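> I'll drop the sequence and a predicted model, then ask my questions.
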Amino acid sequence: MIAQLTKNERQLALIILLALSLCGLAMAVAGHGDPLGVHGAIVLLAGIAGTFGVISGYYAPEPGEDRLDQYFDDPSRMGMVP
């Protein structure tokens, strides 16, 4: 899925995931010993996992120009249970 993104899109994904991780960290710190802290930790872990996912495919070759000719349904496929 990461291989279908351009380099700029991969960089933007890393920036968004970094912001998500920082929000999760802020939630975890603000809600220390509270359910908010648990949810902040979950958000933080999701942001870190996503960051490693993007980094693992960061240096994959960029897709060709014909990638926009097809419907990009990989995110939908990831969310569906067969």
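That came in fine, so what should we check first?
> List the residues that contact residue 56.
Contact analysis of residue 56 by CB atoms under 8 Å, 6 or more residues apart in numbering lists residue 2. (C-beta placed from N, C-alpha, C; glycine too.)
> Phi and psi next, for it.
Main-chain torsions, residue 56, degrees, to the nearest 10: phi -60, psi -30.
> Leaving out chain neighbours, which residue sits closest to the residue minimising distance to the centre of the chain?
For the chain, residue 50 is the residue whose C-alpha lies nearest the centre (CA atoms, centre = their mean; 3.9 Å). Leaving out its chain neighbours, the residue that sits closest to residue 50 by CB to CB, 6 or more residues apart in numbering is residue 17, at 4.6 Å.
> Averaged over its residues, which helix or strand of the chain has the lowest pLDDT?
The weakest-scoring helix or strand in the chain, judged by mean pLDDT, DSSP states H and E, is helix 74-79 (a mean of 70).
> ok, back up a step: now the residue nearest to residue 50: which helix or strand?
Using DSSP states H and E, residue 17 maps to helix 7-30.
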